[in-house]
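Return atomic coordinates for the entry below.
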Amino acid sequence: METLTQTYSGKISNKLSCFDRIIFQGIMPEISYAQGMTSHMYKNNEKIFDYPRYVEPLKDLIRKNAEQLAFVPALL
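Got it, this is the predicted structure:
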């Protein structure tokens, strides 16, 4: 899976380097409704009923990242 900066490398003109956070908001029109998700699954040669298996790796990545973000070492 590509990172956000890899996916949009041709559209990124600058990079912010600091200890702050940036929140991206938006929608993914292709998959933001049932028919769109069904279409996306079929394009990837997956059946809509296989959705739980299809997203399992993503669920694990999200959980792992959330656990890493939740661990904040005590400040001295």
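
what's the neighbour count on K15?
As a burial measure, K15 scores 6 neighbours (other Cβ atoms under 10 Å). C-beta coordinates here come from the backbone N, C-alpha and C atoms, glycine included.

Return the distance of it relative to T5.
From K15 over to T5 the distance is 8 Å, taken as Cβ to Cβ, to the nearest Å.

One more: S32?
For S32, the distance to T5 - Cβ to Cβ - is 23 Å.

do P57 as well
Applying Cβ to Cβ to P57 and T5 gives a distance of 21 Å.

what does L69 give?
18 Å.

P29 now?
22 Å.

Need the residues touching each of K15 and T5.
The contact sets of K15 and T5 do not overlap (Cβ atoms under 8 Å, 6 or more residues apart in numbering).

Just name whatever secondary elements the longest helix out of those in the chain is in contact with.
In the chain, with assignment by DSSP state H, the single longest helix is helix 51-70. With contacts taken as 3 or more Cβ pairs under 8 Å, 6 or more residues apart in numbering; DSSP states H and E, helix 51-70 sits against helix 34-43.

Identify each buried residue in the helix it packs on, please.
M37, M41 (16 or more other Cβ atoms under 10 Å).

now the angle between helix 51-70 and that helix, please.
Angle of helix 34-43 versus helix 51-70, following axes from the mean of the first three to the mean of the last three Cα atoms, to 10 degrees, is 100 degrees.

which strands and helices sit next to helix 34-43?
So helix 34-43, by 3+ Cβ pairs under 8 Å, 6+ apart, packs with helix 51-70.

tell me the average confidence for the helix it packs on?
Across helix 51-70, pLDDT averages out at 84.

Tell me which residues of that helix come out buried.
Y54.

Contacts for it next, please.
With Cβ under 8 Å, 6+ apart, helix 51-70 has contacts from M1, M37, M41, N44, E46.

what sits against the third one?
Read that as M41. By Cβ under 8 Å, 6+ apart, the neighbours of M41 are K47, I48, D50, Y51, Y54.

same question, the fourth one
By Cβ under 8 Å, 6+ apart, the contact set of N44 is Y54.
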